[in-house]
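J.: need coordinates for the below:
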Amino acid sequence: MKLNTHSLALLLLIGFLAAINPAQAEQSESYGQTVGRKLLSGFGNMTTAVAEIPKNIIIVSNDSNIIWGVAGGSFKGLLQTIGRMGVGALDLLTAPIPTYPIVDPAFVWDDFYAETTYGPAMVGQ
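T.: Prediction:
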């Protein structure tokens, strides 16, 4: 019976976090929305970071050629995967601390043809 209670609580938490719009990181969001956004983006970035590899293969191939795209894009994608996973872990660990998103775009699928960049996270910088 305990397993069912924990499963239900987990499903309710996931449903609550999915209802929050994570792409909107505005100054007008409430504290609860900020925590929810960070939890959702942390989990999302940690689980989908591997999509940076094909994303960067496509970006580098479009900028140069397919051979360099596969070689250089794979390496660049691996580095971006590590960076996005690190940012995701940081968001999960620091969810109670209100910060701006560190990675842009916030999720790998937000703008698939845009380079992933990292910026300041602290509010007020």
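J.: quick check: nearest residue in space to the most centrally placed residue in the chain, chain neighbours excluded?
T.: Closest to where the C-alpha atoms of the chain average out (CA atoms, centre = their mean) is residue 45, at 3.1 Å. Nearest non-adjacent residue to residue 45, counting by CB to CB, 6 or more residues apart in numbering: residue 88, 3.3 Å away. (Glycine included, C-beta is placed from N, CA and C.)
J.: would you mind measuring from the one you found to residue 30?
T.: 22 Å (CB to CB, to the nearest Å).
J.: neighbour-wise, which of those two wins?
T.: residue 88 (23 against 9; other CB atoms under 10 Å).
J.: show me what the helix or strand hosting that one is packed against.
T.: Taking DSSP states H and E as the definition, residue 88 sits inside helix 66-93. Packing partners of helix 66-93 (3 or more CB pairs under 8 Å, 6 or more residues apart in numbering; DSSP states H and E): helix 31-48, helix 52-63, strand 103-104.
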